[in-house]
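**Student:** got a structure for you, letters missing:
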């Protein structure tokens, strides 16, 4: 669909219909922006959704409920909450095959965390899977989750081995192993005399 819209836009621009082309361009930009602001969101259907708390929101205190609202009835397949070290927090979610447009899930008292991560999935009436993820933080000193996540990603840097002092490196001695483990049993390695044809003929 995206390629077809781009093709139509180019055709209108060539024909001199600049205004429709500009409007379609804005629609494409808005669609791209919407996809970028839904972490891990994967879906090819037509059902829209909203979450409370909203993604990347900062709350004055911990929420009492998680709310997922859909434009059409869906079946909620998964609802999981994790802390800032991705440890699963038990919120008592149990699968219910009954479709609904609104899901309100009461939350227990949450452990302290810089932010919380919600992973969810749902199945629409056409059996198309929706997969999503959103973040929120809570408390008087809470900050926007995306800023913390960005800092965490920056710390995951590959070490620069060019800064290592190789002059102090001592290679290991080339020693023959005392035994070799094969299939759980230990065997002595063959010596040079035993392994060579000359050594076998000499015996």
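**Tutor:** Now that the structure is in, tell me what you want to look at. Predicted, not measured: the structure shown is a model, and the values here were computed from it.

**Student:** thought residue 49 was touching residue 130?
**Tutor:** Yes: counting by Cβ atoms under 8 Å, residue 130 is a contact partner of residue 49 at 7.3 Å. Placement of C-beta: from N, CA and C, glycine included.

**Student:** So which of the two has more stuff around it?
**Tutor:** Neighbour count, other Cβ atoms under 10 Å: between residue 49 and residue 130, residue 130 has more, with 22 against 18.

**Student:** I'd like the next helix or strand past the helix or strand hosting that one.
**Tutor:** Under the criterion of DSSP states H and E, residue 130 resides in strand 129-138. Following strand 129-138 in sequence order, the next helix or strand is helix 145-155 (DSSP H and E).

**Student:** Can you spell out which helices and strands pack onto that next one?
**Tutor:** Counting contacts by 3 or more Cβ pairs under 8 Å, 6 or more residues apart in numbering; DSSP states H and E, helix 145-155 packs against strand 129-138.

**Student:** can you do 10 Å?
**Tutor:** Counting contacts by 3 or more Cβ pairs under 10 Å, 6 or more residues apart in numbering; DSSP states H and E, helix 145-155 packs against strand 116-123, strand 129-138.

**Student:** any common contacting residues for residue 49 and residue 130?
**Tutor:** Jointly contacting residue 49 and residue 130 under the rule Cβ atoms under 10 Å, 6 or more residues apart in numbering are 41, 43, 68, 70, 74, 120, 122.

**Student:** could I get those as CSV with neighbour count, secondary structure and distance to residue 139?
**Tutor:** Output for the shared contacts of residue 49 and residue 130, formatted as CSV (neighbours: other Cβ atoms under 10 Å; DSSP: H, G, I helix; E, B strand; the rest coil; distance: Cβ to Cβ, whole Å):
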residue, neighbour count, secondary structure, distance to residue 139
41, 16, coil, 26
43, 18, coil, 32
68, 23, strand, 23
70, 19, strand, 29
74, 23, strand, 31
120, 23, strand, 23
122, 24, strand, 29
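
**Student:** so which of these comes closest to residue 84?
**Tutor:** Distance to residue 84, by Cβ to Cβ, is smallest for residue 120 among the shared contacts of residue 49 and residue 130, at 18.3 Å.
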